[in-house]
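Asks: coords please:
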Amino acid sequence: MYAHVWVCKLGALPLLPAPRPMSSRLPSLLVLAFALAGAGCVPYAVGTTAAVAPRNEIVPSGTLSFVPVAIDTAAYGGAVSGGSLVYADAAAHVGLSERAEIDVRFPGLVGAVVALKYRAVGDDSLGAGVALIGGAGVINGGHNAHLEATILISGSERGMVVPYGGIRAMHTFPLMPDLEQDSPTLGAFLGVRVGSPDLGVSPEIGVFYDPSVTGLRESDIVVVPSVTVHGSALLRIVTGVLFGGL
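Replies: Below you'll find the model as predicted:
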């Protein structure tokens, strides 16, 4: 017999053995927490402006997202009934031209999504602009295929504070026979980049219409706050810490 962990669109996965009586619930809940921490999720956050990475350069980024989840915890005495899944993304943005970049993103560190970002409006690379993003990949440890499309608008890059926002559509398809078919996810996001293109932090909030295929989340509206750290200096800092003895 197994306890089912329900995470975002992943469905029910038999991750944990059913817990024993009260005396052993705490260790079981700790295992549950580690299971959730390692689980993948839909990449709601955008975390970028309409600017593209400089040509032939790689710009890294990392994102923390806070996604509402519902957990079947009847076997755990109701000690945990829901909350937010905090998960991390890592990404690399590779400049192709003055208008285009390739993004390679690892949602929850257990998936991979490749996207093309194209700056459709804005000849001045530091001015306000509009970018189109389209991508595909696999998420949730290979359990789901993922498609995404985004329209992104941002202000001038010359200041230390750059507002951005847009609309985003995503769809996942089950790759495992026991997972349910999902419906499309549609939403809007608003964020601000604080700092410079070389090193910035982007807090963001997204609101999405995303019906739960598990039926455990009460609302079809999902509010996802996130924060992204990005820039070429980030790679230099990480390299210095790892290899420079900083």
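Asks: going forward, measure contacts between C-alpha atoms and count neighbours the same way
Replies: OK.
Asks: got phi/psi on the residue nearest the centre of the chain?
Replies: Ranked by distance to the mean C-alpha position of the chain (CA atoms, centre = their mean), the top residue is P43 at 3.1 Å. Main-chain dihedrals, P43, degrees, to the nearest 10: phi -80, psi 80.
Asks: need the distance between the two termini of stretch 51-63.
Replies: Counting by CA to CA, to the nearest Å, you get 18 Å between the two ends of stretch 51-63.
Asks: list the contacts of stretch 99-109.
Replies: Residues outside stretch 99-109 that contact it (CA atoms under 8 Å, 6 or more residues apart in numbering): 38-43, 52-53, 87-96, 112-120, 139-140.
Asks: just checking, V114 touches A136?
Replies: Yes - under the criterion of CA atoms under 8 Å, V114 makes contact with A136 at 5.7 Å.
Asks: hey, where'd the strands end up in the protein?
Replies: Per DSSP state E, the chain carries strands over the ranges 2-6, 12-17, 58-69, 83-95, 100-106, 112-121, 129-139, 144-154, 161-174, 185-196, 199-209, 221-230.
Asks: need the ones you listed in JSON lines (columns: mean pLDDT and mean neighbour count).
Replies: Below are those laid out as JSON lines (pLDDT from 0 to 100; neighbours: other CA atoms under 10 Å):
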{"stretch": "strand 2-6", "mean pLDDT": "32", "mean neighbour count": "20"}
{"stretch": "strand 12-17", "mean pLDDT": "35", "mean neighbour count": "14"}
{"stretch": "strand 58-69", "mean pLDDT": "88", "mean neighbour count": "21"}
{"stretch": "strand 83-95", "mean pLDDT": "87", "mean neighbour count": "20"}
{"stretch": "strand 100-106", "mean pLDDT": "97", "mean neighbour count": "22"}
{"stretch": "strand 112-121", "mean pLDDT": "97", "mean neighbour count": "20"}
{"stretch": "strand 129-139", "mean pLDDT": "97", "mean neighbour count": "21"}
{"stretch": "strand 144-154", "mean pLDDT": "97", "mean neighbour count": "21"}
{"stretch": "strand 161-174", "mean pLDDT": "96", "mean neighbour count": "20"}
{"stretch": "strand 185-196", "mean pLDDT": "96", "mean neighbour count": "20"}
{"stretch": "strand 199-209", "mean pLDDT": "96", "mean neighbour count": "20"}
{"stretch": "strand 221-230", "mean pLDDT": "94", "mean neighbour count": "20"}
